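1. What follows is a predicted protein model with its sequence.
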Amino acid sequence: MAKISKKRKEALAKHDLTEVRNLVEAAKVVKDITYTKFDASVDIDVRLGVDPRKADQMVRGVATLPHGTGKTVRVLALVTADKEAEATAAGADYVGLDDYIAKIEKGWTDIDVIITMPSVMAKVGRLGRVLGPRGLMPNPKSGTVTTDVAKAVQEVKAGKIDFKVDKTGIIHCSVGKVSFDDQKLAENAIEVIQTLIRLKPSSAKGTYIKSITLSSTMSPAVPVDTTVTSA
């Protein structure tokens, strides 16, 4: 078991990690109990009152974080030749089609997001075996299969994230870095929460948002008030 440093012990002793807090306070505590030599990610976990086994309760969507994720997102645009210049100008890191498809078929996946066009999905579709397990398969619902490639690239670079409820009913995604100030982390988190509220399935009964926590890459989770609707 990893040894807990003296500073981290002191930080953990200062805070009651069973106390439910608002988002700004929770962000402050997460930052205070995070001791890493790198700029750790801050994540939100929301447990929903849905049954993901039912198709009409599968919660999936996108949110554009007002302050971005703090991460450098590597974008591959799989597009036809007439769209290459547009995708490059929008900020895509890699642009092409057949050459990259061949590269991916051989196992290359050094990317974070793939954006493509409906007209080439027949070609891209055969990459499902490689991309699917890694969560990289383009999907119209997440806005990564689109005719407006430039806009999609710009949104991803600006902080657009996509999320999907897991089999236990939890949404997990990043809302920034510990270097962000408390208010910015809270505002990013509220964007995710408000998006989830808008996506509530009509067939979901009972309490929809059951629990919310904030944590960093190396910190314990800090409970957040589930009635929060603003930062």
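-> Received, thanks. In this text, all values refer to a predicted model and were calculated from it rather than measured experimentally. Residues are numbered from 1 along each chain as shown.

2. How about the secondary structure of Thr147?
-> What DSSP: H, G, I helix; E, B strand; the rest coil gives for Thr147 is coil.

3. ok, now which ones touch it?
-> With contacts defined as CB atoms under 8 Å, 6 or more residues apart in numbering, Thr147 is in contact with Met117, Pro118. C-beta: built from backbone N, CA, C; applies to glycine.

4. Could you pick out the longest helix of the chain?
-> Longest helix in the chain, counting residues (DSSP state H): helix 182-198.

5. Now that one - C-alpha only, PDB.
-> Extracted as PDB, the C-alpha positions of helix 182-198 are listed here (Å, rounded to 0.1, in the frame of the first residue of the first chain):
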ATOM      1  CA  ASP A 182     -12.400  26.800  -7.600                       C
ATOM      2  CA  GLN A 183     -15.000  28.800  -9.400                       C
ATOM      3  CA  LYS A 184     -14.000  27.600 -12.900                       C
ATOM      4  CA  LEU A 185     -14.100  23.900 -11.800                       C
ATOM      5  CA  ALA A 186     -17.500  24.500 -10.300                       C
ATOM      6  CA  GLU A 187     -18.800  26.200 -13.500                       C
ATOM      7  CA  ASN A 188     -17.500  23.300 -15.600                       C
ATOM      8  CA  ALA A 189     -19.100  20.800 -13.200                       C
ATOM      9  CA  ILE A 190     -22.500  22.600 -13.300                       C
ATOM     10  CA  GLU A 191     -22.500  22.500 -17.100                       C
ATOM     11  CA  VAL A 192     -22.200  18.700 -16.900                       C
ATOM     12  CA  ILE A 193     -24.900  18.400 -14.300                       C
ATOM     13  CA  GLN A 194     -27.300  20.700 -16.200                       C
ATOM     14  CA  THR A 195     -26.700  18.700 -19.300                       C
ATOM     15  CA  LEU A 196     -27.500  15.500 -17.500                       C
ATOM     16  CA  ILE A 197     -30.800  17.000 -16.100                       C
ATOM     17  CA  ARG A 198     -31.800  18.000 -19.700                       C
END
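
6. Just read off the phi/psi values of the most centrally placed residue in the chain.
-> In the chain, the centroid-proximal residue (CA atoms, centre = their mean) is Cys173; its distance is 3.8 Å. Dihedral angles of Cys173 (phi, psi; degrees, to the nearest 10) stand at phi -160, psi 160.

7. Write down the beta-bridge partners of it, one by one.
-> Cys173 has the following beta-bridge partners by DSSP bridges: Ile44.

8. Quick one: low-confidence residue ranges for this structure.
-> Counting by pLDDT under 70, the low-confidence segments of the chain come to 1-5, 7-8, 11, 229-231.

9. care to break it down by domain?
-> Taking the TED database as the criterion, the chain consists of the domains 18-69+159-229, 75-158.

10. all strands of this structure, in order?
-> With strands called from DSSP state E, the chain shows them at 41-48, 60-64, 75-78, 94-96, 113-116, 160-164, 170-177, 209-216, 222-224.

11. got a list of what His172 touches?
-> Contacts for His172 (CB under 8 Å, 6+ apart) come out as Asp43, Ile44, Asp45, Phe163, Asp166.

12. try 7 Å this time
-> Asp43, Asp45 (CB atoms under 7 Å, 6 or more residues apart in numbering).

13. try Pro223
-> Neighbours of Pro223 in contact, by CB under 7 Å, 6+ apart: Val20, Arg21, Thr213.

14. same question, Leu131
-> Taking CB under 7 Å, 6+ apart as the test, what Leu131 contacts is Ile104, Ile114, Met137.

15. Same check on Gly61?
-> Applying CB under 7 Å, 6+ apart, the residues near Gly61 are Phe163, Thr195, Leu199.

16. All set now, cheers.
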